[in-house]
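Colleague: This is a predicted model, with the sequence first.
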Amino acid sequence: MAKKRWKKKERLERVEHHVPEKGGLNSKLILAGVVILVLAGYFIFSGGRDTSIETPPPAVIAGKYTLFSDKPSTHVAGKVTLVEFFDFTCPHCYTFHKDTWPALKNKYGDKIELIDIGIPLRDSSTPPLEAYEIAKDFGKGDEMKDALFTGFNEEGKDITNVQILAGIAENIGLDRAVFSDLLSSGSKASVVESNIRLATSYKLTGTPTVIVDGNMKSTDNSLANLQTMIDSILALDTG
């Protein structure tokens, strides 16, 4: 996994008992006795636990992952969503793009969805991520993603160079001048910044990082582990 370089009590309520003064009404003493008996029964039979709300235990999902207790599950019955944080200059991200995701998609079809979120491992990684966001606006996101991953990892292209990016954009059918203007103006800088904030909320330490159904961070991005997790989730839906 490539490492990133950017940063970012059941309080027991105190019950103050009011003690009636001497000579108080007998009814007050009787009432106090009843309260004591009720409280005693509560602690005997419930062990002092709050039984007003019963929370069912979480379903056990197989696989290697970290569960975020502060993140809600986004699971929809019958479908598993993967969010992948990636960088185009990360070779492990390329492996996920080229091998892992196609294998998962081939096995699960419409039962699985991928949302990819680009984050820069270093400042120089920002331009290709912005280029990808621009291409998505023109319906060329998939083509640009393939071209950027292939260009860097197989062809040795400097995809951090604006002119190289403009050439790649032209090769996939985008207007070079329009693309260059959008890239040079930083039109997608805010998108990348938003991606970084989201990644920080998941305490990312590198890429690729795969979040399953919103609150499970895979700690092993191998095909085998991801399949184990997905199979387990889908089995719970049908079981």
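Modeller: It's in.

Colleague: alpha carbons only for contacts and neighbour counts from here, please
Modeller: Will do.

Colleague: How many residues are close by the closest residue to residue 75 other than its chain neighbours?
Modeller: Leaving aside its sequence neighbours, residue 75 sits nearest to residue 213 (C-alpha to C-alpha, 6 or more residues apart in numbering; 5.1 Å). Counted with other C-alpha atoms under 10 Å, the neighbours of residue 213 add up to 21.

Colleague: show me what contacts residue 213?
Modeller: The contact partners of residue 213, by C-alpha atoms under 8 Å, 6 or more residues apart in numbering, come to 73-75, 80-83.

Colleague: What about the residues you listed, which are in strands?
Modeller: Among the contacts of residue 213, the ones falling in strands (DSSP state E) are 80-83.

Colleague: is it possible to export those residues to CSV including distance to residue 64 and neighbour count?
Modeller: Shown next, in CSV, are the ones in strands among the contacts of residue 213 (distance: C-alpha to C-alpha, whole Å; neighbours: other C-alpha atoms under 10 Å):
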residue, distance to residue 64, neighbour count
80, 16, 22
81, 16, 19
82, 15, 22
83, 16, 18
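
Colleague: Looking at the residues you listed, spot the one nearest residue 197.
Modeller: residue 83 (14.5 Å; C-alpha to C-alpha).

Colleague: pretty sure that closest one is touching residue 208, no?
Modeller: No - if you go by C-alpha atoms under 8 Å, residue 83 and residue 208 don't touch, sitting 9.9 Å apart.

Colleague: you'd agree residue 215 is up against residue 75?
Modeller: No - using C-alpha under 8 Å, residue 215 is not in contact with residue 75, being 9.4 Å away.

Colleague: quick revisit: please report how far the residue nearest to residue 75 lies from residue 84.
Modeller: 11 Å (C-alpha to C-alpha, to the nearest Å).

Colleague: And for residue 111?
Modeller: Distance from residue 111 to residue 84, by C-alpha to C-alpha: 17 Å.

Colleague: Show me which of the two is the more surrounded one.
Modeller: When neighbours are counted by other C-alpha under 10 Å, residue 111 and residue 84 differ, and residue 84 comes out ahead with 22 against 16.

Colleague: got the contact list for the more buried one?
Modeller: 114-117, 208-211.

Colleague: Residue 187 too?
Modeller: In this structure, residue 187 makes contact with residue 130, judged by C-alpha under 8 Å, 6+ apart.

Colleague: can you check residue 136 too?
Modeller: Neighbour list for residue 136: residue 142 [criterion: C-alpha under 8 Å, 6+ apart].

Colleague: Quick check: it vs residue 146, distance?
Modeller: 12 Å.

Colleague: returning to that earlier point: now do the phi/psi pair for the residue nearest to residue 75.
Modeller: phi 50, psi 40 (degrees, to the nearest 10).

Colleague: gap between it and residue 165?
Modeller: 33 Å.

Colleague: This structure: helices as residue ranges?
Modeller: 26-46, 91-95, 101-108, 126-137, 141-153, 162-171, 176-184, 189-201, 223-238 (DSSP state H).

Colleague: nearest to residue 64, of the ones you listed?
Modeller: That would be, of the helices of the chain and by C-alpha to C-alpha, helix 223-238, which comes in at 6.6 Å.

Colleague: what comes into contact with that closest one?
Modeller: In contact with helix 223-238 (C-alpha under 8 Å, 6+ apart) are residues 61-64, 77-80, 100, 103-104, 218, 220.

Colleague: count of residues packed around residue 189?
Modeller: Neighbour tally, residue 189, other C-alpha under 10 Å: 16.

Colleague: OK, contacts around it?
Modeller: residue 130 are the contacts of residue 189 under C-alpha under 8 Å, 6+ apart.
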